[in-house]
Structures are given as C-alpha cells and as structure tokens.
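**Q** output the structure for:
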Amino acid sequence: MKHTLSVLVEDEAGVLSRIAGLFARRGFNIESLAVGPAEQMGISRITMVVPGDDRIIEQLTKQLYKLINVLKVQNVTEIPCVERELMLMKVNATASTRSEVIELAQIFRARVVDVSEDSLTIEVVGDPGKMVAIVQVLQKFGIREIARTGKISLTRESGVNTEFLKSLEAKLA
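**A** Numbering: from 1, shown residues only. The predicted structure is shown next:
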C-alpha cells in the first residue's frame, strides 16, 4: 500500500539529504516527493508518497523523528485531505489532431500553455488519479515529455472525506 507522509522540518541545508539518506539506507523507495515553505517562517513541509505496510511506515516515522531537524511527521493516508499535483505534458498535435487534443484537455480542466507547429504543452492540476487518466487519454497522440511535481497534501479542517462521498455518489448513480 502507498502511504502519504507530511513532514514538517526546519528549513536548513542538508535536511532533505538526511531524510533521503535515511530511506536509502533502509532500502525504501520514495515514489513522490514535494518540498516547499510551510505556513511558518523557517519551516518547510515535505510531502512524500512511500510504499509499505503499516508496520514499515510506523518504523520509518520513528526513524524520521530521530533526525534533529524533523519537527512533526504525520501519516495522512487515512485522514481526509486535499491532494493536488501539477503536471506539464507535451503532446504531439498536428493541424488535424490539435482540436481533438484541446477538447480532451478541456474535459480534464487542463490548460494549453504552449503551442508549436506539431505539439501542445498542457498544464494539469488535480489529484494523482486525474494525472493517470489524462495521460491514458492523450497517449494515442504520442506524449513527448512529462514533468510532475509530486503530490502535495493538507488535511481537511472540515473532516469531510471526499473519497467516501464519491463512493456513495457512485453507488447511488
């Protein structure tokens, strides 16, 4: 199972390197990693997606807390969250296919951010599932390049679990 960890750290040189080294020494892979300033000056938030069972994640959490600059580690996998990712995708688009590519991008609320004679660069923002879906749909045109930020996540103050609501909606439909 994949787990999403939200880690607050002191914003100092080498913190990310020490965290990555901790994972590497134990043979764990980080599937997604996003780092940026948090709400408080001098603090950064690291959001990472890590494969493993609950026992492994608990062990990694304990190891993270042993690092000096780590302030808080939260496994937000089962907590209602707002999750987003940014992806830029360069897709083949000739004069004959350009309008179809644009229409499909609009279905996903994606934006065309660059145009050339034979390609379009598309910006997609959304949950990681949306990224997978748009890649599958546009694959037939030929994808030249993809750059993704990695997942970022904040817990929902409302506590509303939108995944649960989506599953209820699907059952009622």
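
**Q** just checking, residue 85 touches residue 132?
**A** No. Contact criterion Cβ atoms under 8 Å: residue 85 and residue 132 do not qualify, at 10.3 Å. To be clear about C-beta, it is placed using only N, CA and C from the backbone, and glycine gets the same treatment.

**Q** which of these two has more neighbours?
**A** residue 85 (21 against 10; other Cβ atoms under 10 Å).

**Q** list the beta-bridge partners for the more buried one.
**A** residue 126 (DSSP bridges).

**Q** how far away is it from residue 155?
**A** Computed as Cβ to Cβ, to the nearest Å, the residue 85 to residue 155 distance reads 17 Å.

**Q** with residue 63 instead?
**A** With distances taken as Cβ to Cβ, residue 63 is found 23 Å from residue 155.

**Q** so these two - more neighbours on which side?
**A** Here residue 63 and residue 155 are compared on neighbour count by other Cβ under 10 Å; more neighbours surround residue 63, at 17 against 13.

**Q** need the nearest residue in space to the more buried one, chain neighbours excluded.
**A** Among residues not flanking residue 63 along the chain, residue 22 sits closest, at 5.7 Å (Cβ to Cβ, 6 or more residues apart in numbering).

**Q** what helices or strands is the helix or strand containing the one you found leaning on?
**A** Using DSSP states H and E, the secondary-structure element containing residue 22 is helix 15-25. Here helix 15-25 touches strand 2-10, strand 43-51, helix 54-66, going by 3 or more Cβ pairs under 8 Å, 6 or more residues apart in numbering; DSSP states H and E.

**Q** now do 10 Å
**A** Helix 15-25 is packed against strand 2-10, strand 32-37, strand 43-51, helix 54-66, strand 70-75, with contacts defined by 3 or more Cβ pairs under 10 Å, 6 or more residues apart in numbering; DSSP states H and E.

**Q** using TSV, lay out those together with distance to residue 142 and mean pLDDT.
**A** Formatted as TSV, these follow (distance: least, Cβ to Cβ, whole Å; pLDDT from 0 to 100):
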stretch	distance to residue 142	mean pLDDT
strand 2-10	29	95
strand 32-37	25	93
strand 43-51	28	95
helix 54-66	38	93
strand 70-75	39	96
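
**Q** quick one, which of the ones you listed is nearest to residue 16?
**A** Closest of the helices and strands packed on helix 15-25 to residue 16 is strand 32-37, at 6.1 Å (criterion: Cβ to Cβ).

**Q** strand partners (parallel or antiparallel) of the closest one?
**A** strand 43-51 (antiparallel).
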